[in-house]
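Novice: let's see this in three dimensions:
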Amino acid sequence: MSLEIKISSTGKYLNVNSLGKNTNRQMIPKNLPETNRKVQNVLVRMKKDLAEMIKADIENNIKRGVKYTGGKVADLKKSTYERKGFRRPLFETGQLLKGVKMKKSGKNYIISMSDTKYRKRYKGQKSTPTIAEVAGYLQAGNSNMRARPFFGMTKSKSELFFNKMSNKYGRVLANIITREFKNAA
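Specialist: Residues are numbered from 1 along each chain as shown. Below is the predicted model of the structure:
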């Protein structure tokens, strides 16, 4: 399972693709041409800010032990918290939290889990897994462990973040519109 969220833009729209589910929102007003260089610069800043918000949200899910869909993740088994010494799910070494990465890929931003080796091996493991593999294991669960889906973005959370972007950049876009109409007159 590949844990990845892609933030992209097409024309006047920002797109968030989270675990195969796509959400998009028109961010540029209809009366403003998307080919305008100033508008494109604003759209690039919006994508980066949106990616940073999503990354922070996933890190918060890990810190608080909550599902990306809302609610607490499954409690740890007694044997697990006795081994760890505490009951906090999704947190043992801090590597999962530090493993949430944001990178720019072309014109898009991608939120994913790190491919560095997880610096802890358990009995019976033949090789050391990567942080991304551990995250996938936690996300999906298996016959011995309940799923703890912390990585992802719901449509309602995407809409909330889109609204924050509209509020943050609304004035900037309004100023561009005002200047464009003054220059056209």
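
Novice: roughly how far does the most centrally placed residue in the chain sit from residue 147?
Specialist: Closest residue to the average C-alpha location of the chain: residue 54 at 3.6 Å, with C-alpha atoms, centre = their mean. Plainly put, residue 54 is 20 Å away from residue 147 if you go by C-beta to C-beta, to the nearest Å. The C-beta positions use only the backbone N, C-alpha and C, and glycine is treated the same way.

Novice: list the contacts for residue 49?
Specialist: Counting by C-beta atoms under 8 Å, 6 or more residues apart in numbering, residue 49 touches 165, 168.

Novice: likewise the one 5 residues further on?
Specialist: Under the criterion of C-beta under 8 Å, 6+ apart, the contact list for residue 54 reads 5, 7, 16, 111, 153, 161.

Novice: least trustworthy helix or strand in this structure by mean pLDDT?
Specialist: Every helix and strand of the chain was ranked by mean pLDDT, DSSP states H and E. The lowest is helix 78-84, at a mean of 82.

Novice: may I have that one exported as CSV, CA atoms only?
Specialist: Provided in CSV are the C-alpha atoms of helix 78-84 (Å, rounded to 0.1, in the frame of the first residue of the first chain):
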residue,chain,number,x,y,z
LYS,A,78,-2.0,-5.6,26.4
SER,A,79,1.2,-7.4,25.2
THR,A,80,2.1,-4.4,23.0
TYR,A,81,1.8,-1.7,25.7
GLU,A,82,3.6,-3.9,28.2
ARG,A,83,6.5,-4.2,25.8
LYS,A,84,6.5,-0.5,24.9
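
Novice: ok, then the element right after that helix?
Specialist: Counting by DSSP states H and E, the next helix or strand C-terminal to helix 78-84 is helix 95-98.

Novice: buried residues in that next one, which are they?
Specialist: Applying a neighbour-count criterion of 16 or more other C-beta atoms under 10 Å, one finds 95, 96, 97 buried in helix 95-98.

Novice: also stretch 96-109?
Specialist: Judged by neighbour count using 16+ other C-beta under 10 Å, the buried positions of stretch 96-109 are 96, 97, 99, 100, 102, 109.

Novice: from those, which is closest to residue 30?
Specialist: residue 109 (25.1 Å; C-beta to C-beta).

Novice: go ahead and confirm residue 19 touches residue 3.
Specialist: Yes: Residue 19 lies in contact with residue 3 (C-beta atoms under 8 Å); the separation is 7.5 Å.
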